[in-house]
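>>> This is a predicted model, with the sequence first.
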Amino acid sequence: MKPQRRAHSRWASPWGEFAYRVAAFLRAVALLAGVVIAGLVLVHLVHDGWASYLLQACGDAGMFLVAGILLQLVVLMRNRAVRP
């Protein structure tokens with residue numbers, strides 16, 4: 001019999017499962033927000049050209065995308081930990 005890794009995983013607890021679900025949801029929200037902000041910046045650039053506040057918007061989009069990528073690592077770690 002193979003030992004089950006899930007029984008010894010920190011993700012097996014109810015709080016671990018909750019943390020995984022929250023991370024998966026926030027990952028989707030962060031990536032979507034980053035893509036939407038980047039799209040709005042591109043639309044503004046095409047329509048009106050460069051404006052000083054676009055630099056802040058680019059920074060915000062980058063932060064959302066980095067947060068989404070870091071949350072993706074949480075999801076990958078959990079999936080690897082519970083893999084049979």
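Happy to help now that I have it.
>>> Would you map the strands across this structure?
With DSSP state E, there are no strands along the chain.
>>> longest single helix anywhere in it?
helix 14-48 (DSSP state H).
>>> gap between it and the chain center?
7 Å (Cα atoms, centre = their mean, to the nearest Å).
>>> Against which helices or strands is it packed?
For helix 14-48, the packing partners by 3 or more Cβ pairs under 8 Å, 6 or more residues apart in numbering; DSSP states H and E come out as helix 53-82. The way it works is simple: take the backbone N, C-alpha and C, and place the C-beta from them, glycine included.
>>> and the gap between the residue nearest to Asp60 when sequence neighbours are not counted and Val22?
Distances taken as Cβ to Cβ, 6 or more residues apart in numbering put Ile37 closest to Asp60, at 5.7 Å, once the chain neighbours are dropped. Ile37 sits 22 Å away from Val22, going by Cβ to Cβ, to the nearest Å.
>>> quick one: which of these two has more around it?
Legend: neighbour count by other Cβ atoms under 10 Å for Ile37 and Val22, higher for Ile37 (19 against 12).
>>> Just the pLDDT for that one.
Note for Ile37: predicted pLDDT of 93.
>>> so it touches Met63, yeah?
No: applying Cβ atoms under 8 Å, one finds Ile37 not in contact with Met63, separated by 9.5 Å.
>>> what touches both of these two?
Listed as contacting both Ile37 and Met63 by Cβ atoms under 8 Å, 6 or more residues apart in numbering is no residue at all.
>>> returning to that earlier point: in contact with the residue nearest to Asp60, which residues are there?
Contacts of Ile37 (Cβ under 8 Å, 6+ apart): Ala57, Asp60, Ala61, Phe64.
>>> Which among those count as buried?
With burial judged by 16 or more other Cβ atoms under 10 Å, the buried subset of the contacts of Ile37 is Ala61, Phe64.
>>> and which of the contacts of Ile37 is nearest to Val82?
Taking Cβ to Cβ as the measure, Val82 lies nearest Phe64 of the contacts of Ile37, at 27.5 Å.
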